[in-house]
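[1] any chance you could fold what I've pasted below:
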Amino acid sequence: MRITTRGRYALRASLAMAMMGKDGCPVSISSLSERENISSVFLEQIFFKLRKAGIVASVRGPGGGFYFARPLEKLTIKDILDAAGEELNLLPCNKQQDECDREGYCLSHAIWQNVTDLVNNYFKGITLASILERNNFKKDTVLKKIEKEPYG
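    Residues are numbered from 1 along each chain as shown. Predicted coordinates:
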C-alpha cells in the first residue's frame, strides 16, 4: 500500500480547511493553496473528487469556496482517502480478480487481508474533529497564527 501525493494533499487540505473555515464559511482554493503550499490546479482536481464524493460542497463567486458537506465528527480519514482515489489495500496478489492460481492453499493471503482490514478500520475510526481535538486545536489561536505566517 502506498498513499499517493493526491491522498496526502487531500488530507492536508481537508485539515487546513477544517481549521480555516469559520462557522462553515467557504474557504477558497487560493487560500488553501497558499497555506499548504500546494498547487491550486492540483487542489482543484482534488476538490472536484471530494465534491463528487459528497465530502465538500462549493459556493461560486466572490467570497465563495469550499465547505464541508457533513459535520467534521462524521468525516473520517478513510472517507477522504477513498474520495481522493486511494486504495488502502496491502494484498500483494491479484486475488481480488479471482485469477489466483494459489487459491485454496495460500496461507499468506489471510494475513495480508487481516492487515488491510486493520488499516481500513483504523482510518475509519479517525474523524477530522478527533484530529483537531487530539492536537488541542483552538480555532482563534491557530487562525491568528495562520494569518501571520502560513506554514508549508
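
[2] drop to CA atoms for contacts and neighbour counts, all remaining ones
    Fine.

[3] buried set for stretch 47-55?
    47-51, 53, 55 (16 or more other CA atoms under 10 Å).

[4] in helices only, show me those residues.
    Counting by DSSP state H, these place 47-51 in helices.

[5] which of those residues sits closest to residue 80?
    Taking CA to CA as the measure, residue 80 lies nearest residue 50 of those, at 7.1 Å.

[6] got a pLDDT number for residue 96?
    Residue 96 carries a pLDDT value of 55.

[7] correction: residue 110
    80.

[8] swap in the one 4 residues further on?
    For residue 114, the pLDDT comes out at 90.

[9] which strands or helices does the helix or strand harbouring it pack on?
    Residue 114 is part of helix 107-124, with elements assigned from DSSP states H and E. Packing partners of helix 107-124 (3 or more CA pairs under 8 Å, 6 or more residues apart in numbering; DSSP states H and E): helix 77-83.

[10] give me the contact list for the helix it packs on.
    Outside helix 77-83, the residues that touch it by CA atoms under 8 Å, 6 or more residues apart in numbering are 7, 10-11, 14, 49-50, 52-53, 55, 87, 120, 123-128.

[11] now with 6 Å?
    Residues outside helix 77-83 that contact it (CA atoms under 6 Å, 6 or more residues apart in numbering) are 7, 49-50, 53, 123-124, 126.

[12] how about the CA coordinates for that helix, as CSV?
    Extracted in CSV, the C-alpha atoms of helix 77-83 (Å, rounded to 0.1, in the frame of the first residue of the first chain):
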residue,chain,number,x,y,z
ILE,A,77,-9.7,9.9,7.1
LYS,A,78,-10.9,6.9,5.2
ASP,A,79,-13.7,8.9,3.6
ILE,A,80,-11.2,11.5,2.4
LEU,A,81,-8.6,8.9,1.1
ASP,A,82,-11.4,7.0,-0.7
ALA,A,83,-12.7,10.1,-2.3
